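**Student:** need a structure here:
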Amino acid sequence: MPVYKLTRGRAIDAQQRAAYNAGQDPSGELYHASMKLTMTSYNSANSSDCITAGTCKPLGGYSVWSAIPPVPLDPRTDRRPIILVLAQIDSIDMFHDNVQGADAPLSGLIAMLGALSVLQSTLKTTGGAGSIYSRRVVFLALAGEPWGYMGSRRLLYEAYTGSNNTAGLDLSLIEKVVEIGQVGRLPAATSQTPTMELFAHSQQGAGFGDTTDIRTALTAAAQGESSAAEVSIQAASASNPGIPPSSLMSFLRYNRSIQGVVLAEFDTGFTNPYYASRSDNGSTINTKGIAAAAAVVAGALHRLAGGDPLQMKVNMTDLQNTVAGYVSCIAMPAPGFACPLATAIMVPEYIYNKATGERSYTPKHYIGVLQYIPPVQLPLSKSNMARFLWNVMAFDSSEGPQGASCDPYQNPCLAGQVCAGWRGNSDGRYMGQCLNSTVVYVPSYSTKLTCQNCEDFYGATWALSDAADTWNQQYNWPPDPVWAESDWPIGVPDLQLYLRESDKVQLAVLISGLLVTAVVTVASFTARTAFHKHHKSS
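**Tutor:** A predicted model of the protein is given here:
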């Protein structure tokens, strides 16, 4: 049964019409609704069938990763161990186009960006990560995780096959994983708990990595260089059955000996009335708590990577302002991507409302569909969210001075550099800057799919493939569900509200129509008879 979510204006209109109907005779004049809902793939049994028939498109988007220090042109020349920092991008809701996801998962993503900004500020004064870090810190924002961990599964498969999109992200070098989960609703400090509490979850059992180093670094950072955050680190309850649902699960599936921690605002469970809904927006989260999590993670990463804790000074006022800026851009309906930070580094797309003449830059946290895959490392066809993350992570993971002005199409940067901050024009005011940075898009879609002519918007075709079956079996992945969304004919879906006349009026109109038809028929017959008589007499 189809279900519509009405806009606020349409809902008020519908309520007024329903109130009118309530006071009318059921056979009298009433308002009715007409819905166009037939999907192109309505005859398909499942997504595999409609993909084969070409009547639907796969769900998909783009994950983004960056590295400190940047990966050299030949990754084989610098094989330091990797500390991987994870956060998720998307959420899920019954009405997926309206999902907000501020606490889950955006609070973790914002905390990750905040931690990256703290490290960038610290490294500017120490000569760069290349000279002081014995480990590489990789920040990874994953798209598609609510859909069967699509993003992490695809990234691991691309790394396994040696894809250019994961060049420098050698899975064998991943030593530690820190995932930042829900941290947006940290309870305020009380007399019983004088600091906010973050819980470190790790997988227990034989063969899983020992996370003592990570938890020790988090605790030391909370008590040391990040003490102004007023947050404490607690080990999650040993009675928990394991780590909470998280992207870390994908990496432990690949290598269970990885040292992995999920940092979250809860221990054994959580209560959030707005979870995975359109109401989970930036007004429901605690910016101070997100900044506190960012500060502690930054301090711990600096220690784990080999940095001197005395080199890091966390200015909580600046960090809270940075976090508030990210919240306004990606976790609030307004200004959304019209925020100053976003408009300074990209040209955000918008939805135009013809009725009001307004533009909406509200962030969309549904992954959407992949129509085609143009050259992956160009901004073409990327969502506002993916482009925003790519640019922010490019600037905050760069080393050395900015280079020449650039645009990614006509004036690209030198090999090993990226063009960040380009705003869609070759005019000097809108050009980007070449940066010494590693920042990479990675497509996120089912490992059961392949795409032919994929760089052609109109000619791209998707098909089922068994190329990844051996890999999926090797790492004991569950069957890939191949999530897809139907193509929609032009003008569908559509909803119209209209006034239908009473039965008496409709009957009167019918009788009137019949009478008019009869009169016209008699007049036509009479005229024809007269014409024939006149023709014979002539």
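**Student:** quick one, helices of the protein?
**Tutor:** 8-22, 47-53, 108-124, 129-132, 150-161, 212-223, 248-254, 287-305, 316-330, 340-343, 384-396, 469-474, 503-537 (DSSP state H).
**Student:** deepest in the core, which of these is it.
**Tutor:** With neighbours taken as mean count of other C-beta atoms under 10 Å, those reach their highest mean count in helix 287-305, at a mean of 28. All C-beta atoms are positioned from the backbone trio N, CA, C, and that covers glycine.
**Student:** measure stretch 35-51 end to end?
**Tutor:** With C-alpha to C-alpha, to the nearest Å as the measure, the first residue of stretch 35-51 is 26 Å from its last.
**Student:** what comes into contact with that stretch?
**Tutor:** Identification of contacts with stretch 35-51 by C-beta atoms under 8 Å, 6 or more residues apart in numbering yields 2, 4, 53, 55-56, 58, 448-449, 462-464, 481-484, 486-489, 491-496.
**Student:** relative to Ala235, which of the helices of the chain is closest?
**Tutor:** Comparing the helices of the chain against Ala235 with C-beta to C-beta, the closest turns out to be helix 212-223 (6.4 Å).
**Student:** run through this structure and note the low-pLDDT ranges.
**Tutor:** 1-2, 41-42, 191, 502-507, 534-538 (pLDDT under 70).
**Student:** against Leu495, how distant is the residue lying closest to Pro375 once chain neighbours are set aside?
**Tutor:** With sequence-adjacent residues excluded and distances taken as C-beta to C-beta, 6 or more residues apart in numbering, Pro375 is closest to Glu455, at 6.8 Å. Using C-beta to C-beta, to the nearest Å, one gets 36 Å for the distance from Glu455 to Leu495.
**Student:** same deal with Tyr4?
**Tutor:** Distance of Tyr4 to Leu495, given as C-beta to C-beta: 6 Å.
**Student:** rewinding a little: mind putting the helices of the chain in JSON lines, distance to Ser232 included?
**Tutor:** Converted to JSON lines, these look like this (distance: least, C-beta to C-beta, whole Å):
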{"stretch": "helix 8-22", "distance to Ser232": "42"}
{"stretch": "helix 47-53", "distance to Ser232": "45"}
{"stretch": "helix 108-124", "distance to Ser232": "16"}
{"stretch": "helix 129-132", "distance to Ser232": "28"}
{"stretch": "helix 150-161", "distance to Ser232": "29"}
{"stretch": "helix 212-223", "distance to Ser232": "6"}
{"stretch": "helix 248-254", "distance to Ser232": "22"}
{"stretch": "helix 287-305", "distance to Ser232": "9"}
{"stretch": "helix 316-330", "distance to Ser232": "15"}
{"stretch": "helix 340-343", "distance to Ser232": "31"}
{"stretch": "helix 384-396", "distance to Ser232": "27"}
{"stretch": "helix 469-474", "distance to Ser232": "41"}
{"stretch": "helix 503-537", "distance to Ser232": "72"}
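**Student:** which one of these lies nearest to Asn411?
**Tutor:** Checking those against Asn411 by C-beta to C-beta gives helix 384-396 as the closest, at 16.5 Å.
**Student:** what angle do the closest one and helix 108-124 make?
**Tutor:** Interaxial angle, helix 384-396 versus helix 108-124 (axes from the mean of the first three to the mean of the last three C-alpha atoms, to 10 degrees): 20 degrees.
**Student:** what lies in contact with helix 384-396?
**Tutor:** 61-62, 64-66, 89, 113, 116-117, 119-120, 139, 141, 143, 329-330, 337, 341-342, 345-346, 348-349, 361, 363-365, 379, 382, 418, 420-421, 435, 437, 439, 441.
**Student:** buried ones among those residues?
**Tutor:** The neighbour-count test (16 or more other C-beta atoms under 10 Å) marks 61-62, 64-66, 89, 113, 116-117, 119-120, 139, 141, 143, 329-330, 337, 341-342, 345-346, 348, 361, 363-365, 379, 382, 418, 420-421, 435, 437, 439, 441 as buried among those.
**Student:** just those residues: which are in strands?
**Tutor:** Gly61, Tyr62, Val64, Trp65, Ser66, Phe139, Ala141, Val418, Ala420, Leu435, Val439, Tyr441 (DSSP state E).
**Student:** I'd say Met196 and Ala295 touch.
**Tutor:** No: look at Met196 against Ala295 with C-beta atoms under 8 Å: they stay out of range, at 11.2 Å.
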